[in-house]
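> When you get a sec, could you give me coordinates for this:
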Amino acid sequence: MPEQISDQEWTARAAAGDQEAFRALYRAYVRPVYWIAHGILGAAADAEDITQETFLVAWRKLPGMELAGESLLPWLATICRFQAANRLRQRRRDQANTTDAPDESLRDTVDVEEQVISAELAERITTELGTLSDLDQEIFRLCAAEGYAYQAAAEQLGVSHGVVRNRLSRVRTHLRGALSETSEA
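Residues are numbered from 1 along each chain as shown. From the prediction side, this is the model:
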């Protein structure tokens, strides 16, 4: 199994200009960032643009950034939400200048409480993932974060398709249980 490198180390390498380290961070977090953007904007094309803008801003800001927690995701999620809010404002300006009828489907604001909950949720998921075995973490990363098919993940990890499928199912059940306990608290 490949050596596990923490987000802190990847971030430090990327901040020093290591493009491979930044690519590793991108691969690890592109899907969660995309889904945050999609949840705010509701359009795949806009979510793709905002995802790219998020990583561009992150690349520029990495040299002065110090990672506060175990995961880079809360920081990326914050950048993503700001970029998405800017896109919503741009949509409204464009619409105001091109049509008389407002689009009621556009949200007026980005809910700060929702942003805090999203950041807390991302941090809770990261914490829960840290309690899993190395194999379970790798399976989750490959299948859930990077979108590998079960068989591709199995080949990458040197295990069977069934091991990947069963372990991923248990990880998802564990996460759902841990997250529901958090929401009930």
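> Now do the contacts for Leu62.
Residues in contact with Leu62 (C-beta atoms under 8 Å, 6 or more residues apart in numbering) are 11, 14-15, 22. Just so you know, the C-beta spots here come from the backbone N, C-alpha and C atoms, and that holds for glycine as well.
> and it, how far is that from Ala21?
9 Å (C-beta to C-beta, to the nearest Å).
> now swap in Asp136 and tell me
Asp136 sits at a distance of 24 Å from Ala21 (criterion: C-beta to C-beta).
> Give the residue from the two that has the larger number of neighbours.
Taking other C-beta atoms under 10 Å, Asp136 and Ala21 do not tie; Ala21 has more neighbours (19 against 16).
> show me what contacts the more buried one?
10-11, 13-14.
> got the buried residues for the helix or strand where Arg172 lies?
Here Arg172, judged by DSSP states H and E, is contained in helix 161-184. By neighbour count with 16 or more other C-beta atoms under 10 Å, helix 161-184 contains the buried residues 163-165, 167-168, 171, 174-175.
> and which of those residues is nearest Leu132?
Using C-beta to C-beta, Val171 comes nearest to Leu132 of those, at 6.3 Å.
> dump the residue contacts of that closest one.
Counting by C-beta under 8 Å, 6+ apart, Val171 has contacts 132, 136, 139-140, 144.
> Most neighbours out of these, which is it?
With neighbours defined as other C-beta under 10 Å, the most crowded of these is Ile139; it has 27 neighbours.
> any idea how far the residue lying closest to Arg170 once chain neighbours are set aside lies from Asn166?
The shortest distance from Arg170 to any non-neighbouring residue, by C-beta to C-beta, 6 or more residues apart in numbering, is to Asp136 (7.6 Å). Using C-beta to C-beta, Asp136 is found at 11 Å from Asn166.
> got it, and Ala153?
From Ala153 to Asn166 the distance is 12 Å (C-beta to C-beta).
> And Glu48, by the same measure?
From Glu48 over to Asn166 the distance is 33 Å, taken as C-beta to C-beta.
> What of Trp10?
Distance from Trp10 to Asn166, by C-beta to C-beta: 29 Å.
> And for Ala47, the neighbour number?
22.
> Got the domain ranges for the chain?
Following automatic domain parsing, the chain resolves into domains at 1-107, 131-185.
> Of all those domains, which one is nearest Leu121?
Between Leu121 and the domains of the chain, the shortest separation by C-beta to C-beta is 7.1 Å, and it involves domain 131-185.
> quick one on the thing from earlier: which one of the buried residues of helix 161-184 is nearest Trp75?
Nearest to Trp75 among the buried residues of helix 161-184 is Leu175, at 20.9 Å by C-beta to C-beta.
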